[in-house]
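1. Structure here, sequence nowhere to be found:
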């Protein structure tokens, strides 16, 4: 039975020299990991990729097929500017690889008109050390343009107390219209840039996996046959010079100082999450939910922004109409009230399983109209999915 999964890109190296303990500029690419990574020196970085012909071939493939290098032969992967970062978590070692790719002539002209567009587009890759070898998990393009979207892909390692639970791939997109003359108009809500997000959470196991190009999405290379959790959420506040500042990854990073901040006309939000093992009929329901409300970095920010007041949960029935069509029937299972001034975890038990969470109302902030959620965790199959928490 085939299992679908998304994962982050991380890389591993033995006996390599690290330059410093964390890499502030990598917050732009890996906002949940940058404080945990160390950069390898240039010699060790080049040594790492030297004999990895399969990895280089996959990078060239993505440049040609996803980044449209076939149409723009001047577009090149800059291997001499490659950066490699190590990360050790719960006894496991990973390496992240960041590869700049030059922009084609049109995108380069566009970049000169907008200071929030970085000079390069990038390939982001992840390896895991396994049996003294570097196992490739992902390769993904990021900060690149397609016909209608500016796409920023990122990854997150979900960390439990004693083991790593999985890797989440987030696809963040800013829709835009081409106005001609190297000008664009990006999508806005309430006068602010508006990002869309979807994510795929790959649940780690000990089996080695081959990676394959995802032909259905044209995203990049992912491990095949891993169990996955798929989720989508309401649009979020897109900060042009720092697109991931208020992204969905903040709700699953175990850091109350960061928050997922919606950007919708109603200031409400919805999150749908499906824990899938195999096919659609094996979607697993959730039994508990835990949240940290609002923008919980400090009391002033918490009071200044909207926080969640009423939440509803929903169950779903999938109706398979044909081999290619599946419809959904949603049913509200419970409504609950969140505490207004509680900046700690609030845990809710459910007698009836659920799949979707909606925010129906909010406590009004004193300064901003954005509704914020610092943390969200869900209990499924006997454990918390997004890292372990202490229940009180």
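-> Arrived safely. Fair warning: this is a prediction, and the values are worked out from it, not measured in the lab.
2. ok now do the nearest residue to residue 198 once chain neighbours are set aside, which residues does it touch?
-> Leaving aside its chain neighbours, residue 198 sits nearest to residue 232 (4.8 Å; criterion: Cβ to Cβ, 6 or more residues apart in numbering). From N, CA and C alone the C-beta is placed, and that goes for glycine too. Applying Cβ atoms under 8 Å, 6 or more residues apart in numbering, we find residue 232 in contact with 197, 198, 199, 271, 272.
3. part of a helix, is the fourth one?
-> Same thing as residue 271. No. Counting by DSSP: H, G, I helix; E, B strand; the rest coil, residue 271 falls outside a helix, being strand.
4. Longest strand in the protein, please.
-> strand 164-180 (DSSP state E).
5. next one: that strand to chain centre, how far?
-> Relative to the centre of its chain, strand 164-180 is centred 8 Å away, using Cα atoms, centre = their mean, to the nearest Å.
6. Relative to residue 117, how far out is the residue nearest to residue 198?
-> Relative to residue 117, residue 232 is positioned 26 Å away (Cβ to Cβ, to the nearest Å).
7. do the same with residue 244
-> Distance, residue 244 to residue 117, by Cβ to Cβ: 15 Å.
8. Between these two, which is the more surrounded one?
-> For residue 244 versus residue 117, the count of surrounding residues by other Cβ atoms under 10 Å is larger for residue 244: 24 against 20.
9. ok so, going back, and the next element down the chain from the longest strand of the chain?
-> Per DSSP states H and E, strand 164-180 leads on to strand 183-186 as the next helix or strand towards the C-terminus.
10. Which of the residues in that following strand are classified as buried?
-> Within strand 183-186, the residues scored as buried using 16 or more other Cβ atoms under 10 Å are 184, 186.
11. partners of that strand, with directions?
-> strand 164-180 (antiparallel) (DSSP bridges).
12. Can you read off the pLDDT for the closest residue to residue 299 other than its chain neighbours?
-> Take residue 299 and drop its neighbours on the chain: the residue closest to it by Cβ to Cβ, 6+ apart is residue 343, 7.5 Å away. On pLDDT, residue 343 comes in at 95.
13. Give me the secondary structure label for residue 343.
-> The three-state label given to residue 343 by three-state DSSP is coil.
14. what's around it, how many residues?
-> Residue 343 has 18 neighbours, counted by other Cβ under 10 Å.
15. Equivalent analysis for residue 122, please.
-> Other residues within reach of residue 122, judged by other Cβ under 10 Å, total 23.
16. just to revisit the earlier point, going by neighbour count, which of the contacts of residue 232 comes out on top?
-> Highest neighbour count within these, by other Cβ under 10 Å: residue 199, with 24 neighbours.
17. is it true that it touches residue 247?
-> No. Counting by Cβ atoms under 8 Å, residue 199 stays clear of residue 247, with 9.7 Å between them.
18. any residues in contact with both of the two?
-> Shared between the contact lists of residue 199 and residue 247 (criterion: Cβ under 8 Å, 6+ apart) are residues residue 170.
19. pretty sure residue 40 is touching residue 85, no?
-> Yes. Using Cβ under 8 Å, residue 40 makes contact with residue 85 at a distance of 7.0 Å.
20. Comparing these two, which shows the higher neighbour count?
-> Taking neighbours as other Cβ under 10 Å, residue 40 and residue 85 compare with residue 85 leading, 27 against 23.
21. Flag every buried residue along the helix or strand encompassing the more buried one.
-> Per DSSP H and E: residue 85 is located in strand 83-89. Of the residues in strand 83-89, 83, 84, 85, 86, 87, 89 count as buried by neighbour count, 16+ other Cβ under 10 Å.
22. What I need now is the residues you listed written out in JSON lines, including distance to residue 389 and pLDDT for each item.
-> Supplementary listing: the buried residues of strand 83-89 in JSON lines, determined by distance: Cβ to Cβ, whole Å; pLDDT from 0 to 100:
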{"residue": "83", "distance to residue 389": "33", "pLDDT": "96"}
{"residue": "84", "distance to residue 389": "33", "pLDDT": "96"}
{"residue": "85", "distance to residue 389": "28", "pLDDT": "97"}
{"residue": "86", "distance to residue 389": "27", "pLDDT": "96"}
{"residue": "87", "distance to residue 389": "22", "pLDDT": "96"}
{"residue": "89", "distance to residue 389": "17", "pLDDT": "92"}
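23. Go ahead and confirm residue 227 touches residue 201.
-> No. Checked against Cβ under 8 Å, the pair residue 227 and residue 201 is beyond contact range at 9.2 Å.
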